[in-house]
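Student: Sequence and computational prediction follow.
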Amino acid sequence: MSKKEKIKGVAARYWKKAQDGRVVCELCPRKCRMKPGQRGLCYVRAADDKGDLVLTTYGRSSGFAVDPVEKKPLYHFLPGTPVLSFGTAGCNLTCKFCQNWHISKASREDVVQRIASPQTIVRMAQATGSRSVAFTYNDPVIFLEYAVDTARACHAAGLKTIAVTAGYICEEPRKEFFAHMDAANIDLKGFTEDFYHRLATGKLAPVLDTLRHVKHETDCWLEITTLLIPGQNDSEDEIRAMSAWIAEYLGPEVPLHFSAFYPTWRMQDVPPTPPETVKQARRWAMDEGLRYVYTGNIPDAEGQNTYCHACGQVLIGRAGYDLTSWNLDDAGRCKACGTPCAGVFEPQPGTWGARFMPVDPEAFSIHETG
């Protein structure tokens, strides 16, 4: 157990050497300090035996599948289309309520890894009819180098890219990462520093900085998700304050998804979120001026649909991940009153529905050289 680990990986960016010889990772606000052979909290960024920072999961995925873009969740970005989704391992937050803990809390050696280069991922997306590729399951900011290279390959092939992330990243890597993303769903876990400190050992302020950056400094389409946990982040005061902040600093057109919590990971003693709590949160958020607010993980027909904020017409009807109606014209405007709906739309929606299709990268792998 005392034997120093042999760290292998590809060269990582955003780090420096401290005066004591340790590597200081500058990707996220944690600023992990590592001696040779040590890993950061995320587990996948580590100091090799030369004292250089490397990414240990480049080209190694924890799973590939084609599923609906609505599952990210993204309700205003190419509705109805299929997306090739994948992640790696590890995470730079320690959320006690993590819904994907078996991946995000795992080391590279603990999970089934499939080898896939950026070019292989492009071939997989093209062969499956996917319109986009999503970096998800665990937080893609920690595998920035892999995600950016894959995004470049996707764009060269005419594919869109999606980041599903908690937005816990420093300023300079934030600029690079989101410059290569066409859409993002950012997890705003709560709206107090206390919540982030107690339940995620993180900070709220960097996430708010990320939200502002994505909205105002990039062309990346933005949606937000908040998992409501009973007694932790579901009070009227907090939800109203968060919604008012979104409306003022990001704009009323940014979609917000409230999702119900179910006992998992290290919060199995907390009861599930009552459906009425999620529905009430939606009403409070809309009271604060947000136009597109949705409910998730509960049966709620009203909270799934997209409505025209001007006349109330159902613009996009949904039943789960299936689209049931479409009342946008070719320019993305309400057919009833002509008011534009914020989002990235095509004249006709996709027809992928709720299908989930696992994909094996080995079937698309070609041994590249150079």
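Tutor: Alright, I've got the coordinates. Numbering: from 1, shown residues only.
Student: Give me the helices and strands touching the longest strand belonging to the chain, please.
Tutor: The longest strand of the chain (DSSP state E) is strand 221-228. Contact here means 3 or more CB pairs under 8 Å, 6 or more residues apart in numbering; DSSP states H and E; on that basis strand 221-228 packs against strand 183-187, helix 205-217, strand 256-260, helix 275-287. Using the backbone N, CA and C atoms, a C-beta is placed for each residue, glycine as well.
Student: so which of those comes closest to Tyr14?
Tutor: helix 205-217 (14.1 Å; CB to CB).
Student: end-to-end on stretch 126-143?
Tutor: When the termini of stretch 126-143 are compared using CA to CA, to the nearest Å, they are 23 Å apart.
Student: let me fix that: stretch 87-96
Tutor: By CA to CA, the extent of stretch 87-96 from end to end equals 20 Å.
Student: Tell me how far it lies from the chain's centre.
Tutor: 12 Å (CA atoms, centre = their mean, to the nearest Å).
Student: Could you list the buried residues of it?
Tutor: Neighbour counts over stretch 87-96 (16 or more other CB atoms under 10 Å) mark Gly87, Thr88, Ala89, Gly90, Cys91, Asn92, Leu93, Cys95, Lys96 as buried.
Student: returning to what we had before: would you turn the helices and strands packed on strand 221-228 into a markdown table with mean pLDDT?
Tutor: As requested, the helices and strands packed on strand 221-228 are exported to a markdown table (pLDDT from 0 to 100):
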| stretch | mean pLDDT |
| --- | --- |
| strand 183-187 | 98 |
| helix 205-217 | 98 |
| strand 256-260 | 98 |
| helix 275-287 | 98 |
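Student: Let me have these in TSV, extended by distance to Ser61 and mean neighbour count.
Tutor: Formatted as TSV, the helices and strands packed on strand 221-228 follow (distance: least, CB to CB, whole Å; neighbours: other CB atoms under 10 Å):
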stretch	distance to Ser61	mean neighbour count
strand 183-187	19	24
helix 205-217	24	18
strand 256-260	25	24
helix 275-287	32	18
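Student: got the contact list for Ile162?
Tutor: Residues near Ile162 by CB atoms under 8 Å, 6 or more residues apart in numbering: 69, 72, 74, 77, 83, 132-136, 181-185.
Student: Let me see the mean pLDDT of the strand or helix carrying it.
Tutor: For Ile162, the host element (DSSP states H and E) is strand 160-165. Across strand 160-165, pLDDT averages out at 98.
Student: Now find how far off-centre stretch 255-271 is within its chain.
Tutor: Centroid displacement of stretch 255-271 relative to its chain, using CA atoms, centre = their mean, is 16 Å.
Student: CA-only coordinates of that stretch in CSV, if you can.
Tutor: Extracted as CSV, the C-alpha positions of stretch 255-271 are listed here (Å, rounded to 0.1, in the frame of the first residue of the first chain):
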residue,chain,number,x,y,z
PRO,A,255,-34.7,27.8,-19.0
LEU,A,256,-34.7,26.5,-15.5
HIS,A,257,-35.3,22.9,-14.6
PHE,A,258,-36.3,21.9,-11.1
SER,A,259,-35.8,18.2,-10.4
ALA,A,260,-37.0,16.0,-7.6
PHE,A,261,-34.4,14.3,-5.3
TYR,A,262,-34.4,10.6,-4.6
PRO,A,263,-32.4,9.1,-1.7
THR,A,264,-29.0,8.1,-2.9
TRP,A,265,-25.2,8.0,-2.2
ARG,A,266,-24.7,9.6,1.2
MET,A,267,-28.1,11.0,1.7
GLN,A,268,-30.2,7.9,1.8
ASP,A,269,-31.8,9.0,5.0
VAL,A,270,-33.4,12.0,3.3
PRO,A,271,-36.9,11.5,1.9
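Student: Just the residues contacting that stretch, thanks.
Tutor: 73, 75-76, 95-99, 101, 105, 185, 223-232, 243, 246, 272-273, 275, 277-278, 281-282, 285, 290, 292-298, 342.
Student: What's the ChimeraX line that selects buried ones from these?
Tutor: Buried residues among the contacts of stretch 255-271 (16+ other CB under 10 Å), as a ChimeraX selection:
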select :73,75,76,95,96,97,98,101,105,185,223,224,225,226,227,228,229,232,243,246,273,277,278,281,282,285,290,292,293,294,295,296,297,298,342
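Student: Can you tell me which of the buried residues of stretch 87-96 is nearest Asp149?
Tutor: Checking the buried residues of stretch 87-96 against Asp149 by CB to CB gives Thr88 as the nearest, at 13.1 Å.
Student: how about the nearest residue in space to that closest one that is not next to it in sequence, phi and psi?
Tutor: In space, and not counting its chain neighbours, Thr88 is closest to Thr57: 4.1 Å by CB to CB, 6 or more residues apart in numbering. Backbone torsions for Thr57, taken as degrees, to the nearest 10, come to phi -120, psi 20.
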